[in-house]
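[1] build the 3D model from these lines:
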Amino acid sequence: MTDPKLEAVIDELKGIVGEDYVLTSDVDLVAYSYDATFTSAQPNLVVLPGSTEEVAAVLKVANRERIPIVPRGMGTGLAAGSIPFGGGIAMPLTRMDRLLEIDRDNMMATAQAGIITSDMADALAREGYFYPPDPSSDHYSTLGGNVACNAGGAHCLKYGITGHYVVALEAVLADGRIVRLGGKATKNVTGYDLLHLLIGSEGTLAVITEVTVRFITPPEAERTAEAVFPKMEDAGRAINGVLASGANPAMLEIMDETAIRSVEDYLHLGLPLDAEAILIIQTDGNEEEAVRSIELAVQVCRDMGASQVRVASTPEESAELWHARHSISGSLGRIRPNKLGEDITVPRSAIPEMIARIKEISARHGLPIVIFGHAGDGNLHPNILFDKRDPEEYERVELAVGDLFRAAVEVGGSLSGEHGVGVLKRPYLEMALGPVAVEMQKRIKRALDPNNILNPGKIFE
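    Below you'll find the predicted structure:
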């Protein structure tokens, strides 16, 4: 921090956002050096803007000086997408956390990018509305981060992912220009779809500062069931059976035997330790639809080999059934100190084959791989458990990851359903998309960020 040029830049940034919001101490730099993965790297400084105009002014300085800018929300990413590997400026948008408008006539809400997703959803719920996208981190991740990674969640099976609800964005380009994309009109095909170009762009094309989303009315009723399967193969068949039955579940989640054992050791909920899989199914709609759908799903599970099926009769019982699924991630540290949580997606018809291939990869590399996730839409979360302190074991992890991605692509799937590419999936991008598609994306990046200051090194080398 003794470089006179850098000190001048720091003074200029303090003039933009205020002295209290430019952080340079070792403690602050460490605090913004990691996300929810096992990797970390320190920025040179941290800048916390309080408005879109301040973001624009910061970007003008960074672009002029060729300083990397790494936008971030709450640092909950699972692909190392918000880690400043090249140093530069970490720029959290967490000060920009206001819900700006609830437009009841158009059933849309506008919020700053730094708002916690569940805070917005809860505010809408108090008004009698429903915002469906529900990533598992929604109680501590930001709306802007969800948009930047096009996050999903359990409700996405029936209701769709974050990008399906975004109708407008305010964003700042690398050179500091502010742009507004989309709007409240239901139809808009004027020019290229730049709105959805920025959704899922992981902070590499622009910094999203404000988001307008649509919301819906909540379902009248919900029903939840838990189906226990002695054989994983039967659970895989049941997933497709339920989806083909007309049950139209809102959520359909899976836990494999390692997840079951891990949660049971952790919470002692009485989960069946002799089962290879548990499916948790939720239906909704009006009372008649919810009941009919859960009955259909239950019958399919029984026909497909479920040894036990339990239907919740109260909201409290439903919450109890979901408790095990929501506790998986927190329980895995009891098995190994580190985990690599992936989120491959495959066509629904390929779910049984993909589960079998994950099990084979786990056995071949001698690594525990826990399978859980949003099985209804083919979004599986294989978590590789390991000890990073063991170099030989970590080498096997890298081999296993490559095998997982190759298997997903071979059965017609992709590298990510909701976590993004970041850095951890970057080596496999061309395998998934092909060289022409990758080159197209690189050209877009060069066009919008010619000095490569926006989250450099993410998605592409």
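
[2] quick check: which ranges of the stretch 1-150 of the chain have low pLDDT?
    1-2 (pLDDT under 70).

[3] what segments of it are helices?
    With helices called from DSSP state H, counting those that start in this stretch, the stretch 1-150 of the chain shows them at 4-17, 26-31, 52-65, 117-126, 143-149.

[4] using CSV, write out every CA atom in the second one.
    Output of helix 26-31 as CSV, limited to C-alpha atoms (Å, rounded to 0.1, in the frame of the first residue of the first chain):
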residue,chain,number,x,y,z
ASP,A,26,-5.5,-7.2,6.6
VAL,A,27,-8.6,-8.3,8.4
ASP,A,28,-10.9,-6.8,5.9
LEU,A,29,-8.9,-8.2,2.9
VAL,A,30,-9.1,-11.7,4.4
ALA,A,31,-12.9,-11.3,5.0
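
[5] packing partners of it?
    When contacts are defined as 3 or more Cβ pairs under 8 Å, 6 or more residues apart in numbering; DSSP states H and E, helix 26-31 packs onto strand 45-47. The way it works is simple: take the backbone N, C-alpha and C, and place the C-beta from them, glycine included.

[6] what are the pairing partners of the strand it packs on, and which direction each?
    strand 22-23 (antiparallel), strand 89-92 (parallel) (DSSP bridges).

[7] among the helices of the stretch 1-150 of the chain, which is the most enclosed?
    Most buried of those, by mean neighbour count (mean count of other Cβ atoms under 10 Å): helix 143-149, with a mean of 30.

[8] contacts for it next, please.
    If you take Cβ atoms under 8 Å, 6 or more residues apart in numbering as the criterion, helix 143-149 is touched by 71-74, 76-77, 79, 81-82, 93, 111-117, 120, 133, 135, 138, 151, 162-163, 166, 169, 198-203, 208-209, 211, 213, 418-420.

[9] okay, now the domains of this protein?
    The chain breaks down by automatic domain parsing into domains covering 4-92, 99-214, 221-330, 336-420.

[10] so which of those is nearest Gly457?
    Gly457 lies closest to domain 4-92 among those, at 5.7 Å (Cβ to Cβ).

[11] buried residues in the helix ranked longest in the chain?
    The longest helix of the chain (DSSP state H) is helix 391-410. Buried residues in helix 391-410, counted by 16 or more other Cβ atoms under 10 Å: Glu393, Arg396, Val397, Ala400, Val401, Asp403, Leu404, Phe405, Ala407, Ala408, Val409.

[12] where's the second one relative to Leu340, distance?
    This points to Arg396. Distance of Arg396 to Leu340, given as Cβ to Cβ, to the nearest Å: 11 Å.

[13] so what sits against both of these two?
    Phe386.

[14] let's have the helices of the stretch 1-150 of the chain in CSV, adding distance to Thr190.
    Formatted as CSV, these follow (distance: least, Cβ to Cβ, whole Å):
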stretch, distance to Thr190
helix 4-17, 34
helix 26-31, 43
helix 52-65, 23
helix 117-126, 28
helix 143-149, 21
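
[15] right, and these - which one's nearest Asn451?
    Nearest of the helices of the stretch 1-150 of the chain (Cβ to Cβ): helix 52-65, 5.8 Å.

[16] for that closest one, packing partners?
    So helix 52-65, by 3+ Cβ pairs under 8 Å, 6+ apart, packs with helix 4-17, strand 69-72, strand 89-92, strand 166-172, strand 178-182, strand 207-214.

[17] just the C-alphas of that helix, formatted as CSV.
    Extracted in CSV, the C-alpha atoms of helix 52-65 (Å, rounded to 0.1, in the frame of the first residue of the first chain):
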residue,chain,number,x,y,z
THR,A,52,-25.7,2.8,-8.9
GLU,A,53,-24.0,6.1,-9.4
GLU,A,54,-21.2,5.2,-7.1
VAL,A,55,-20.7,1.8,-8.8
ALA,A,56,-20.5,3.7,-12.1
ALA,A,57,-17.9,6.1,-10.7
VAL,A,58,-15.8,3.3,-9.2
LEU,A,59,-15.9,1.4,-12.6
LYS,A,60,-14.7,4.5,-14.5
VAL,A,61,-11.7,4.7,-12.2
ALA,A,62,-11.0,1.0,-12.4
ASN,A,63,-11.3,0.9,-16.2
ARG,A,64,-9.0,3.9,-16.6
GLU,A,65,-6.4,2.4,-14.3
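
[18] show me what it is in contact with.
    Applying Cβ under 8 Å, 6+ apart, the set of residues contacting helix 52-65 is 5, 9, 12-13, 16-17, 47, 49, 67-69, 88-89, 91, 93, 96, 170, 172-178, 207, 209-210, 451, 453.

[19] which of those count as buried?
    Here, 16+ other Cβ under 10 Å leaves 9, 12-13, 16-17, 47, 49, 67-69, 88-89, 91, 93, 96, 170, 172-176, 178, 207, 209-210, 451, 453 buried among the contacts of helix 52-65.

[20] let me have the strands paired with strand 45-47 in CSV, adding distance to Glu439 as columns.
    Putting the strands paired with strand 45-47 into CSV (distance: least, Cβ to Cβ, whole Å) gives the following:
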stretch, distance to Glu439
strand 22-23, 38
strand 89-92, 29
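
[21] residues contacting the residue nearest to His164 when sequence neighbours are not counted?
    Excluding the flanking residues, the one nearest His164 by Cβ to Cβ, 6 or more residues apart in numbering is Pro133, at 8.0 Å. Contacts for Pro133 (Cβ under 8 Å, 6+ apart) come out as 117, 146, 151-153, 155-156, 159-162, 164-165.
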